[in-house]
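Student: Next comes the sequence, and after it the predicted model I'd like to discuss.
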Amino acid sequence: MPGYEVIGAEEQAEVDEVFARGGVLFRHGFDALRNDCYKVRDFEVAFAKFMDVPHALAVTSGTSALRVALAVLDLQPTDEVITQSFTFVATAEAIIEARAVPVCCEIDDTFNMDPQDLLARITDCTRAVIVVHMLGTPARLVEIKKICDDRGIVLIEDSAWGCGGSLNGKALGTWGAMGTYSFDFAKTMTTGEGGMVVFNDTAMFERAKAWHDHGHENNPAVPRWEDTRAGSGFNYRMMELQGAVGLAQLRKLPAVVAAQRTNRDAVLAAIADIRGITLRVEPQGSNGTADAVVFNVPDKAAALRCRAALLEQTISTKILPEATTWHFAETWTHMPELVAAHGGTLTEAFPRSRARLEASVSLPVFVNMAADFPSRVASALRASLEK
Ligand SMILES: Cc1ncc(COP(=O)(O)O)c(C=O)c1O
């Protein structure tokens with residue numbers, strides 16, 4: 001599972017260094033006090049290098065990363081942004097915060113955006129698509145990127161779960177114009193709260209950098225309090241202690257993901273011959289983060305039986321089937337903008353997604369996995385599905 005499992009001395013040392021070198025917790029300025037210690041800046045440089053992109057911008061959360069990415073597009077109230085029905089509420093919230101129209105589409109057997117349904121929902125008002133790599137498995141990026149490129153639609157990847165994963169050797173989050181990451185405490189790498197936006201385009205990066213900092217251009221010719229600005233913005237700046245923790249966590253990311261893949265494979269091997277399990281499909285060329293093992297079972301009752309049996313073994317599931325209300329757009333009746341965009345009701349808005357999600361189970365994959373975890377999982381599932 002996440003970076004919190006491996007948090008420790010290295011993160012502590014990075015934080016200690018901030019205090020040892022002057023204790024400046026703000027990412028900008030205070031040059032005379034900070035002894036050249038710039039953790040957020042260093043984190044951005046290291047992250048961009050890791051992802052092999054020209055620019056990265058650290059922000060306060062994965063939610064604000066989405067908001068900052070959308071701010072770059074200067075969306076107008078009739079502009080539509082399409083995302084997928086199975087995601088965390090944050091993806092839709094960011095679109096609503098950006099004052100655009102939130103549209104969701106069905107998922108397919110990857111449990112991510114269905115390219116065919118995306119095509120069906122594109123209109124003349126569609127400005128952007130936010131594809132999500134839910135629970136660490138890549139979406140069908142090749143197809144979705146082509147659909148966007150052919151129509152001049154901006155592709156953004158919500159890679160909150162995809163940090164450290166790739167498709168065809170290219171890092172998740174780097175396929176579109178912008179990619180966003182979450183470093184909350186449940187993610188593959190964590191800074192407690194935090195996020196990152198990566199960019200392939202320098203002009204987009206410059207706009208985002210200013211917008212996330214009240215419009216500050218950080219003009220080197222003038223002090224910050226006399227700084228120049230070309231537009232308004234907001235404050236989503238990351239602070240130095242998060243940057244410090246992020247530097248240590250990023251160094252651990254390859255080992256974390258490698259351990260998850262090994263442990264995922266052990267779980268897959270243990271459940272391979274259980275009748276009634278249909279594994280989530282991974283697009284060809286996927287190298288996901290292996291955050292979870294997701295599969296379909298015959299029906300909703302079977303999914304609930306699996307969860308109950310796993311809980312009896314003190315094994316929790318991860319989002320499916322228990323947390324669809326936070327992760328399935330059909331249930332988000334508290335978002336009037338989303339309801340209006342889908343004809344006034346979300347009931348039956350995504351029937352194929354509902355059918356897939358309600359008959360599914362997601363198992364967490366840990367970095368530090370107990371040796372008997374796969375066999376305990378297998379016996380609980382076997383008892384639920386083969387009786
Ligand atoms: C798909 C997705 N997008 C965005 C976010 C928001 O990230 P954060 O919790 O850092 O705001 C999450 C958080 O779980 C998520 O799962």
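Tutor: It's in.

Student: which residues of this protein fall in strands?
Tutor: 55-59, 80-84, 101-105, 126-132, 154-158, 166-167, 170-171, 178-182, 195-199, 278-279, 286-287, 292-296, 360-364 (DSSP state E).

Student: number of nearby residues for the residue of the stretch 51-200 of the chain found nearest the ligand?
Tutor: Per CB to the nearest ligand atom, residue 62 is where the stretch 51-200 of the chain lies closest to the ligand, at 2.5 Å. Any C-beta I mention is one placed from the backbone N, CA and C, and that applies to glycine too. Residue 62 sits with 28 neighbouring residues when counted by other CB atoms under 10 Å.

Student: Please name the nearest non-neighbouring residue to it.
Tutor: residue 182 (2.5 Å; CB to CB, 6 or more residues apart in numbering).

Student: ditto for residue 324
Tutor: Nearest to residue 324 is residue 357, by CB to CB, 6+ apart, at 5.6 Å.

Student: Pull the contacting residues for the one you found.
Tutor: Residues near residue 357 by CB atoms under 8 Å, 6 or more residues apart in numbering: 86, 107, 320-321, 324, 328.

Student: try 7 Å this time
Tutor: 86, 320, 324, 328 (CB atoms under 7 Å, 6 or more residues apart in numbering).

Student: can you check residue 57 too?
Tutor: With CB under 7 Å, 6+ apart, residue 57 has these contacts: 44, 68, 196-197, 205, 208-209, 212.

Student: Dump these to CSV, plus distance to residue 153, neighbour count and pLDDT.
Tutor: Listed next are the contacts of residue 57 as CSV, based on distance: CB to CB, whole Å; neighbours: other CB atoms under 10 Å; pLDDT from 0 to 100:
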residue, distance to residue 153, neighbour count, pLDDT
44, 27, 23, 98
68, 19, 28, 98
196, 23, 29, 98
197, 18, 31, 99
205, 20, 21, 98
208, 19, 24, 98
209, 24, 20, 98
212, 23, 26, 98
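
Student: Using TSV, please lay out these together with distance to the ligand.
Tutor: What follows is those, written out as TSV (distance: CB to the nearest ligand atom, whole Å):
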residue	distance to the ligand
44	17
68	12
196	10
197	12
205	20
208	16
209	19
212	14
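
Student: ok, now how distant is residue 318 from residue 365?
Tutor: Per CB to CB, to the nearest Å, residue 318 is found 8 Å from residue 365.

Student: err, residue 344, not the other one
Tutor: Counting by CB to CB, the gap from residue 344 to residue 365 is 40 Å.

Student: higher neighbour count, the two?
Tutor: Neighbours per residue, other CB under 10 Å: of residue 344 and residue 365, the larger number sits with residue 365, 26 against 9.

Student: Who are the contact partners of the residue of the stretch 201-350 of the chain found nearest the ligand?
Tutor: Nearest residue of the stretch 201-350 of the chain to the ligand, counting by CB to the nearest ligand atom: residue 327, 7.6 Å away. Shown in contact with residue 327 (CB under 7 Å, 6+ apart): 86-88, 319.

Student: The same query, at a cut-off of 8 Å, please.
Tutor: With contact taken as CB under 8 Å, 6+ apart, residue 327 is in contact with 86-89, 134, 319.

Student: Can you tell me which of the residues you listed are classed as buried?
Tutor: 86-89, 134, 319 (16 or more other CB atoms under 10 Å).

Student: Let me know the pLDDT of the residue nearest in space to the middle of the chain.
Tutor: Centroid-nearest residue in the chain, with CA atoms, centre = their mean: residue 160, separated by 1.3 Å. pLDDT, residue 160: 98.

Student: now swap in the one 10 residues further on and tell me
Tutor: Residue 170 is assigned a predicted lDDT (pLDDT) of 98.

Student: Report the beta-bridge partners for it.
Tutor: Counting by DSSP bridges, residue 170 is bridged to residue 167.

Student: Neighbours of it, how many?
Tutor: Residues near residue 170, counting by other CB under 10 Å, number 15.

Student: Distance-wise, check it relative to residue 289.
Tutor: Distance, residue 170 to residue 289, by CB to CB: 14 Å.

Student: from the buried ones among the contacts of residue 327, which has minimum pLDDT?
Tutor: Confidence by pLDDT is poorest for residue 319 among the buried ones among the contacts of residue 327, given 93.

Student: Touching, that residue and residue 362? I think so.
Tutor: Yes: counting by CB atoms under 8 Å, residue 362 is a contact partner of residue 319 at 5.3 Å.

Student: Now list whatever residues contact both of these two.
Tutor: Common contacts of residue 319 and residue 362 (CB under 8 Å, 6+ apart): 135, 292.

Student: Look up phi and psi at the residue nearest to residue 207 when sequence neighbours are not counted.
Tutor: In space, and not counting its chain neighbours, residue 207 is closest to residue 72: 4.8 Å by CB to CB, 6+ apart. For residue 72, the backbone dihedrals (degrees, to the nearest 10) come out as phi -60, psi -30.

Student: Let me know how buried residue 54 is, in neighbour terms.
Tutor: For residue 54, the count of nearby residues is 12 (other CB under 10 Å).

Student: can you tell me how far it sits from residue 66?
Tutor: For residue 54, the distance to residue 66 (CB to CB) stands at 20 Å.

Student: same thing with residue 253?
Tutor: 21 Å.

Student: Look at those two and report which has more neighbours.
Tutor: residue 66 (30 against 18).

Student: Quick check: the gap between that one and residue 33.
Tutor: Relative to residue 33, and taking CB to CB, residue 66 is found at 33 Å.

Student: next one: residue 330
Tutor: Per CB to CB, residue 330 is found 52 Å from residue 33.
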